[in-house]
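Undergrad: structure, please.
(4 chains)
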2 protein chains.
Amino acid sequence: MTMTDDQLISILRDSGYKVTPQRLAICNYVLSSKEHPTAEHIHSEIVKKHPAISLNTIYQTMDMLIDLGLVQEMRFSGSSSRFDSNTSVHVNIICQKCSKIQDFESEGIRELWSRILAEMNVEPVGQRLDVYVLCDECKR
Amino acid sequence: MTMTDDQLISILRDSGYKVTPQRLAICNYVLSSKEHPTAEHIHSEIVKKHPAISLNTIYQTMDMLIDLGLVQEMRFSGSSSRFDSNTSVHVNIICQKCSKIQDFESEGIRELWSRILAEMNVEPVGQRLDVYVLCDECKR
DNA sequence: CTCCGTGCAAATGGTTTGCATCTTA
DNA sequence: TAAGATGCAAACCATTTGCACGGAG
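TA: Got it, this is the predicted structure:
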């Protein structure tokens, strides 16, 4: 979910979070990324502009974004967490071999999923839909 | 997926795994459990009959069951893995507060899910469908 | 008799915590 | 100037690994 710095700053301030250059950089990167990056990956990106940034700050900022409902954390076996800034209903297509994650989103899927929810008769506060595949590259 | 000892023994032998009392006990417990237990939980159950059993053996046996396709591992933020012996398409209804997991399975859901897969045009090797809720107890 | 499984202890590694220092509001 | 954020180092803890012994085939 990409947004302007002004929008972002309002959201942080409204929730009582202070605005720092590190936070802006991390948020901008994570919220516009389609890669479902790991903390390590985010760090290696942000360190280019903020050479002293610590992994700790990445984790704390992720906690903030999760608290704000702007990011979802996905844990997997045998690898670090991935952070997903797509907060609408969507399917994560995940390659079993290379761990690449691709989002799939459509009106049809939202419709079918809402029917599944209706059948279960629950009030969801969130969801995670993973499909495990072998991506085209790994299939070779 | 409950099965007889004989069925289980065949499956293990056919795949080159040796049959031990510990393995049988762990498999019987996990494959019949509806609780999506943690390794710690499994250990505390098996230790009643096998007082010397180690956590290590639990983890290794889980690896074996995953390899055999009889169990799926589910990782979460801030807690240990849960092992799910329901290998058919189903939805995990997970309480955000107490981490209780309840399976939901029906013909309707399998049908709707297969339509979602058709729309995405992928060949899945597995899936994980989580819905996060507040369970009735935690809602109070 | 050989190989694999077990249990113990130690290592691993992603994540969290404690704390002194710096920044934001 | 008070509350909160940052960066460093140390702690944590679920999981994994190394290894000597024991049991399965």
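
Undergrad: between strand B:126-133 and the lengthiest strand in chain A, find me the angle.
TA: Determined from DSSP state E, the single longest strand within chain A is strand A:126-133. Strand A:126-133 and strand B:126-133 are oriented at 180 degrees to each other (axes from the mean of the first three to the mean of the last three Cα atoms, to 10 degrees).

Undergrad: buried residues in strand A:126-133?
TA: A:127, A:128, A:129, A:130, A:131, A:132, A:133 (16 or more other Cβ atoms under 10 Å in any protein chain shown). Placement of C-beta: from N, CA and C, glycine included.

Undergrad: what of stretch A:12-21?
TA: Neighbour counts using 16+ other Cβ under 10 Å place A:12, A:17 of stretch A:12-21 among the buried residues.

Undergrad: show the average pLDDT along the longest strand of chain A.
TA: Strand A:126-133 shows an average pLDDT of 97 in the prediction.

Undergrad: is that strand anywhere near chain B?
TA: Yes: residues of strand A:126-133 are located near chain B by Cβ under 8 Å from any Cβ of the partner chain, namely A:126, A:127, A:128, A:129, A:130, A:131, A:132, A:133.

Undergrad: contacts only, for the third one.
TA: What that stands for is residue A:128. By Cβ atoms under 8 Å, 6 or more residues apart in numbering or on different chains, the contact list for residue A:128 reads A:72, A:74, A:92, B:128, B:129, B:130, B:132.

Undergrad: re earlier: the helix or strand that the longest strand of chain A is followed by vs chain B: in contact?
TA: For strand A:126-133, the succeeding helix or strand toward the C-terminus, using DSSP states H and E, is helix A:136-139. No: counting by Cβ under 8 Å from any Cβ, chain B is not contacted by helix A:136-139; separation bottoms out at 9.3 Å.

Undergrad: per-domain residue ranges of chain A.
TA: Split into domains by automatic domain parsing, chain A comes to A:5-84, A:91-139.

Undergrad: now those domains in TSV, with distance to DNA strand C?
TA: TSV is the format used below for the domains of chain A (distance: least, Cβ to the nearest atom of the strand, whole Å):
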stretch	distance to DNA strand C
domain A:5-84	3
domain A:91-139	13
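
Undergrad: residue B:54 is nearest to which of those?
TA: domain A:5-84 (20.3 Å; Cβ to Cβ).

Undergrad: how far does the worst-scoring helix or strand of chain A on mean pLDDT sit from its chain's centre?
TA: Scoring the helices and strands of chain A by mean pLDDT, DSSP states H and E places helix A:136-139 at the bottom, with a mean of 89. Put simply, helix A:136-139 sits 24 Å off its chain's centre (Cα atoms, centre = their mean, to the nearest Å).

Undergrad: likewise for stretch A:54-61?
TA: Taking mean C-alpha positions (Cα atoms, centre = their mean), stretch A:54-61 and its chain are 15 Å apart.
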